[in-house]
Structure formats: C-alpha cells, structure tokens
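1. Got a predicted model here, sequence first, then my questions.
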Amino acid sequence: VSAATFYRGVTLEKLGRAEEALHSYAEVVERFGSSDRLEQQKHVSWAIFNRGVTMGVLGRVEEALKAYRETIERFGSSDQLELLEQVARALVNLGVALGQLGRNDEALKVHQEVLDRFGDRTELLDLVARALLNRAATLGELGRAEEAMAGYRELWHRFGTSDRPDMQGRVAKALGNLGV
C-alpha cells in the first residue's frame with residue numbers, strides 16, 4: 001500500500017497535478033512514517049524527498065529545504081544503503097536550493113557534508129560527483145577561484161576515466177570550467 005500511494009503521487013506529478021501529488025506524499029508519511037519495515041521506510045524517504053523536489057518546482061524553495069532537511073534528519077543515521085542514498089540526494093538538493101536562495105556559505109557546507117559522509121561510498125559516486133561539481137561552482141560564486149579550480153580538477157581526476165554518460169557530463173562541465 002505504501003508503494004501504491006507513493007507511485008500515485010509520482011503519477012499525479014507527471015500529469016502536472018503537483019498539489020495532489022503532495023497530498024499523496026503526505027499520506028505515505030502519515031500512514032507509514034512510524035513503520036520499522038525497510039520497504040515502507042524507503043517509500044517514506046522517497047515521499048519526503050519528492051515533496052522537496054515538487055516544492056522546488058513550484059518555486060516554494062523554503063518548503064523544499066524543510067523536506068530535504070526532514071529526509072536527512074529522519075534517515076541520516078540509518079545503516080541501510082537505500083535510505084542513505086536518499087539522504088545523500090537530499091543533501092545534494094539542499095545545497096542546490098540554498099545556492100538558489102543566495103545562501104552560498106551554507107550551500108558550501110552542505111556540499112562538503114556530502115563529500116565527508118559519502119565520498120568513499122562506491123555506491124553513491126554519482127551523488128559525490130554532483131557534490132564536487134556543485135561545491136566547485138559555489139566556490140567560484142564566492143570568488144574563491146583557486147579553490148574552485150582545485151575542485152574541478154579533483155572531479156576530473158576522480159571520475160575522468162568513467163565510462164558512465166552521466167559522469168562524463170559532469171567531467172565535461174568541470175573541464176569546461178577549467179578552460180580545457
């Protein structure tokens with residue numbers, strides 16, 4: 001039931017019915033938020049995270065921040081990869097949202113938190129690469145050009161040989177920012 005309710009929200013969102021999707025996500029959290037079953041907790045984490053994404057799309061960035069923080073707070077101490085992945089995603093999106101609000105110092109700390117917590121988790125390398133790219137861009141926006149260049153170089157050195165298209169795209173952005 002938690003999966004059906006969550007996916008109803010996803011479907012409603014795809015149909016452009018964001019407010020109804022938000023209600024479905026809230027229902028998942030309300031009905032299954034206290035469950036200790038991993039499968040239901042995954043749906044709860046996805047629902048909270050998707051609420052943040054939907055709020056961001058609707059331009060309700062402060063509410064998106066709350067959803068991302070809720071994901072991090074609720075699941076940040078988990079030892080389950082599926083939940084930690086949502087925590088890492090929430091951190092990445094939190095950093096981006098803070099940057100959108102011009103809160104670059106806070107964004108920088110969040111990007112660094114992704115790297116500190118998940119930097120050596122091979123299962124989460126895509127999110128680590130996003131955090132590296134976002135961290136470097138934020139450093140550039142803060143006028144810290146040398147540190148930004150070092151961040152782009154780190155991304156290039158860590159992921160430059162990856163054959164994954166998504167990773168190649170991030171490396172290409174880093175190289176472009178390095179002027180290569």
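-> It's in. Numbers count the residues shown, from 1 in each chain.

2. Give the next helix or strand downstream of the host helix or strand of residue 74.
-> Residue 74 belongs to helix 61-75 when assigned by DSSP states H and E. Next in sequence after helix 61-75, counting helices and strands by DSSP H and E, comes helix 81-100.

3. now the angle between helix 61-75 and that next one, please.
-> 150 degrees (axes from the mean of the first three to the mean of the last three Cα atoms, to 10 degrees).

4. picking up where we left off before, tell me what the helix holding residue 74 is packed against?
-> helix 38-57, helix 81-100 (3 or more Cβ pairs under 8 Å, 6 or more residues apart in numbering; DSSP states H and E). Backbone N, C-alpha and C define where each C-beta goes, glycine included.

5. Is there a neighbour count for residue 29? I'd like the number.
-> Look at residue 29: counted by other Cβ atoms under 10 Å, it has 21 neighbours.

6. what sits against the residue nearest the centre of the chain?
-> Nearest to the geometric centre of the chain sits residue 89, at 2.6 Å (Cα atoms, centre = their mean). By Cβ atoms under 8 Å, 6 or more residues apart in numbering, the contact set of residue 89 is 49, 71, 127.

7. Mean pLDDT and distance to residue 140 added to the helices and strands packed on helix 61-75, as a markdown table?
-> Shown next, in a markdown table, are these (pLDDT from 0 to 100; distance: least, Cβ to Cβ, whole Å):
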| stretch | mean pLDDT | distance to residue 140 |
| --- | --- | --- |
| helix 38-57 | 96 | 22 |
| helix 81-100 | 96 | 11 |
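
8. For residue 112, which of these is the nearest?
-> helix 81-100 (9.0 Å; Cβ to Cβ).

9. now the angle from the closest one to helix 38-57?
-> Going by the same axes, to 10 degrees, helix 81-100 makes 10 degrees with helix 38-57.

10. Restricting to C-alpha, output helix 81-100 in CSV.
-> The C-alpha coordinates for helix 81-100 follow below in CSV (Å, rounded to 0.1, in the frame of the first residue of the first chain):
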residue,chain,number,x,y,z
LEU,A,81,22.1,1.9,1.7
GLU,A,82,18.6,2.6,0.2
LEU,A,83,17.9,5.2,2.9
LEU,A,84,21.4,6.6,2.9
GLU,A,85,21.1,7.2,-0.8
GLN,A,86,18.0,9.3,-0.2
VAL,A,87,20.0,11.2,2.5
ALA,A,88,22.8,11.9,0.0
ARG,A,89,20.3,13.0,-2.6
ALA,A,90,18.6,15.3,-0.1
LEU,A,91,21.9,16.8,0.8
VAL,A,92,22.8,17.5,-2.8
ASN,A,93,19.4,19.1,-3.4
LEU,A,94,19.6,21.0,-0.2
GLY,A,95,22.9,22.5,-1.3
VAL,A,96,21.5,23.5,-4.7
ALA,A,97,18.4,25.0,-3.1
LEU,A,98,20.5,27.0,-0.6
GLY,A,99,22.5,28.3,-3.6
GLN,A,100,19.3,29.3,-5.4
